[in-house]
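S.K.: can you look at this prediction? I've put the sequence above it.
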Amino acid sequence: MKKPSGWTESSEMNNNKFVFSPETDFLKPDEIRAVQTRYLRSHLQYCKKYSPFYRKLLRNIPVGHVTPETLKELPFTTKPDISARQDDFIACSWDEIQDVVFSSGTTGEPCRIVYTGSDMERTAFNEQRSLSAAGITKSDRVLLTCTLDRCFIAGMAYFMGLRKIGAAAIRNGLCSIESHVGVIQRLKPTAVIGVASFLRNLGEELQKRGVDNSGVRLLICVGEPLRDETLQLNSIGRQLQERWKGARLVATYASSEIATSFCECPEGCGGHLLADLAYLEVVDEQGNNREPGEVGEIVVTPMRATAMPLIRYRTGDVGFMMTERCACGRYTPRLGPILGRKAQMLKCKGTSIYPQVIFNVLMSIPQVAEYYVVAGGEDLSDTVEVFVAFNTPGGDLRIIEESLQAKCRLNIPVREVPLNEARELVFGINRKPQHFFDRRR
């Protein structure tokens with residue numbers, strides 16, 4: 001539907017004013033429900049009116065009285081839906097679009113994602129709140145090790161959030177470890193944002209060179225989980241602690257499609273939902289809502305988006321939700337660490353396993369400097385092969401095989417490869433490290 005003359009994003013959704021009030025994140029449960037009901041209804045009505053995809057999908061479904069409890073009655077949206085009908089998901093004209101990016105394409109082809117000016121304000125607002133909750137203040141100097149280009153939204157989002165806070169952003173981006181070492185020596189950042197495994201390698205290099213990184217008080221890690229299902233630090237989290245002594249670790253989760261962050265607070269017990277920006281569900285294989293604490297697929301409805309609004313988007317990521325009050329005082333639901341990707345689940349000789357379980361084993365072995373996993377096979381059974389690079393070539397592969405067998409209950413073959421070859425493959429052309437290569441038919 002064409003918008004009327006004089007239409008603006010804010011005139012359609014006049015509640016789209018992104019002003020940060022810290023007390024908003026400390027609402028009581030009944031206040032959270034009221035806020036979510038208000039924004040859900042506005043969001044659904046906007047989708048039905050302006051999105052060609054949802055106008056057709058919801059044509060016989062009334063949405064004006066939907067509540068958080070009845071949202072589950074609406075259909076899901078999937079990545080294949082977006083990929084097949086990308087233009088039908090755009091709810092505005094192209095002259096209103098101010099940014100175009102692509103999803104990371106961790107599984108499958110990247111999808112085009114677009115944002116209006118209001119969406120960019122929403123993105124900055126989202127990261128202002130998330131980074132503030134993590135502990136960033138206007139006094140910080142923050143090194144960004146993730147890219148701001150290559151059609152990637154995350155680096156831009158962090159930069160805009162830091163600007164809103166008033167912190168100094170050091171935009172070194174997706175550069176070599178050598179470049180970041182030099183920046184840390186010269187500018188002495190107090191916080192660093194980047195992919196967990198890259199920050200681990202950076203910290204290791206700083207230690208080797210005797211470079212003091214004690215001034216870094218906070219690491220905000222993206223792209224990879226820092227904790228296990230018990231919320232204790234996993235192997236990469238512990239390695240980060242060893243390499244960045246004195247720095248507190250915070251994990252954050254988001255995607256281009258959901259355009260909303262779930263960032264940990266200093267308590268480190270799950271990423272907090274921003275209740276006025278998104279609604280969170282966790283569902284089972286049949287699409288039924290799981291109870292808090294139960295593992296399932298993460299489903300997000302990002303509210304107050306105008307260019308490409310989505311309803312009940314199935315992320316493909318597997319995790320769980322917690323609803324008890326956080327030690328920080330917030331009542332908002334929290335998202336636990338990502339336990340795997342649904343499309344990457346392996347079925348080997350009757351055993352189902354996510355690659356992340358294999359990753360955790362490999363990261364727990366100090367001699368392993370880098371690794372990747374290759375899946376193959378046809379029909380009903382998958383095959384798995386692990387490739388590792390040691391800190392000192394010629395390490396004992398038996399230790400790795402025995403550790404994998406003990407944790408995964410599978411005899412997984414392990415091969416050694418040179419470190420430079422492994423890192424070139426893992427950190428190659430993708431914007432995120434790729435440790436899993438799916439060659440199944």
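M.R.: Structure received. Numbers count the residues shown, from 1 in each chain.
S.K.: in this structure, where's the longest helix?
M.R.: In terms of residue count, the longest helix belonging to the chain (DSSP state H) is helix 29-50.
S.K.: what helices or strands is that helix leaning on?
M.R.: helix 52-57 (3 or more CB pairs under 8 Å, 6 or more residues apart in numbering; DSSP states H and E). Using the backbone N, CA and C atoms, a C-beta is placed for each residue, glycine as well.
S.K.: who touches the helix it packs on?
M.R.: 1, 47-49, 75, 81, 85, 87-91, 309, 311 (CB atoms under 8 Å, 6 or more residues apart in numbering).
S.K.: ok, 7 Å please
M.R.: Helix 52-57 has contacts (CB atoms under 7 Å, 6 or more residues apart in numbering) with C47, K48, P75, R85, D88, F89, I311.
S.K.: pick out the most distant pair among the residues you listed.
M.R.: Largest separation among those by CB to CB: K48 and R85, giving 16.1 Å.
S.K.: more neighbours: these two, which one.
M.R.: Of the pair K48 and R85, K48 is the one with more neighbours under other CB atoms under 10 Å, namely 22 against 13.
S.K.: the nearest residue to that one once chain neighbours are set aside and R423, how far apart?
M.R.: Computed as CB to CB, 6 or more residues apart in numbering, the closest residue to K48 that is not its neighbour in sequence is L58, at 4.7 Å. Here L58 is placed at a distance of 47 Å from R423 (CB to CB, to the nearest Å).
S.K.: do the same with L233
M.R.: Distance from L233 to R423, by CB to CB: 23 Å.
S.K.: before we move on, what about T332?
M.R.: T332 is 38 Å from R423, where distance means CB to CB.
S.K.: which one's more surrounded, these two?
M.R.: T332 (22 against 17).
S.K.: so what pLDDT did the more buried one get?
M.R.: Confidence at T332, expressed as pLDDT, is 97.
S.K.: does it touch G271 like I think?
M.R.: No: under the criterion of CB atoms under 7 Å, T332 makes no contact with G271, lying 10.0 Å away.
S.K.: low pLDDT regions in the stretch 251-400 of the chain?
M.R.: 379-380 (pLDDT under 70).
S.K.: ok, which stretches of it are helices?
M.R.: Applying DSSP state H, counting those that start in this stretch to the stretch 251-400 of the chain gives helices spanning 355-363, 397-408.
S.K.: got those helices as a markdown table, with distance to S381 columns?
M.R.: Listed next are those as a markdown table, based on distance: least, CB to CB, whole Å:
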| stretch | distance to S381 |
| --- | --- |
| helix 355-363 | 16 |
| helix 397-408 | 15 |
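S.K.: please identify the deepest-packed of those helices.
M.R.: Across those, the average number of neighbours (mean count of other CB atoms under 10 Å) peaks for helix 355-363, which reaches a mean of 20.
S.K.: between the contacts of helix 52-57, which sits nearest D30?
M.R.: Of the contacts of helix 52-57, the one sitting nearest to D30 (CB to CB) turns out to be I311, at 24.3 Å.
S.K.: tell me the contacts of the closest one?
M.R.: Neighbour list for I311: L44, C47, Y54, L74, T77, T301 [criterion: CB under 7 Å, 6+ apart].
S.K.: 6 Å instead?
M.R.: When contacts are counted by CB atoms under 6 Å, 6 or more residues apart in numbering, I311 touches C47, T77, T301.
S.K.: need phi/psi at it.
M.R.: Backbone torsions of I311, given as degrees, to the nearest 10, read phi -120, psi 120.
S.K.: from E297, how far off is it?
M.R.: Taking CB to CB, one finds I311 at 15 Å from E297.
S.K.: where in the stretch 101-250 of the chain is pLDDT low?
M.R.: 104-109.
S.K.: how about the helices in it?
M.R.: Under DSSP H, counting those that start in this stretch, the stretch 101-250 of the chain gives helices at 117-134, 153-165, 177-187, 196-209, 235-243.
S.K.: and the third one with helix 196-209, angle?
M.R.: Looking back up the chat, that one is helix 177-187. In terms of direction (axes from the mean of the first three to the mean of the last three CA atoms, to 10 degrees), helix 177-187 departs from helix 196-209 by 70 degrees.
S.K.: could you pull out the buried residues of helix 177-187?
M.R.: Of the residues in helix 177-187, I177, H180, V181, V183, I184 count as buried by neighbour count, 16 or more other CB atoms under 10 Å.
S.K.: now tabulate these in CSV and tack on distance to V19.
M.R.: Formatted as CSV, these follow (distance: CB to CB, whole Å):
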residue, distance to V19
I177, 39
H180, 34
V181, 39
V183, 33
I184, 34
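S.K.: just these now: which is nearest S139?
M.R.: Nearest member of the buried residues of helix 177-187 to S139, counting by CB to CB, is I184, at 17.8 Å.
S.K.: for E421, which non-adjacent residue is closest in space?
M.R.: Nearest residue to E421, sequence neighbours excluded (CB to CB, 6+ apart): A389, at 7.3 Å.
S.K.: what does A168 give?
M.R.: Using CB to CB, 6+ apart, the nearest residue to A168 is R141, at 4.6 Å.
S.K.: so the one you found sits against A169, correct?
M.R.: No: applying CB atoms under 6 Å as the test, R141 and A169 come out as separate, 8.3 Å apart.
S.K.: higher neighbour count, those two?
M.R.: Counted by other CB under 10 Å, R141 and A169 do not tie: A169 has more neighbours, with 21 against 17.
S.K.: tell me the contacts of that one?
M.R.: V142, F159, L162 are the contacts of A169 under CB under 6 Å, 6+ apart.
S.K.: and it, bridged to which residues?
M.R.: V142 (DSSP bridges).
S.K.: where's the residue nearest to E421 relative to P22, distance?
M.R.: In terms of CB to CB, A389 sits 45 Å off from P22.
S.K.: more crowded one of the two?
M.R.: The neighbour comparison of A389 against P22 (other CB under 10 Å) goes to A389, with 22 against 9.
S.K.: who's the more buried one bridged to?
M.R.: Note on A389: beta-bridge partners by DSSP bridges are E370.
S.K.: can you give me the strands in the stretch 251-400 of the chain?
M.R.: Applying DSSP state E, counting those that start in this stretch to the stretch 251-400 of the chain gives strands spanning 262-264, 271-272, 278-283, 296-302, 313-319, 321-322, 334-335, 340-341, 346-348, 351-353, 368-378, 381-390.
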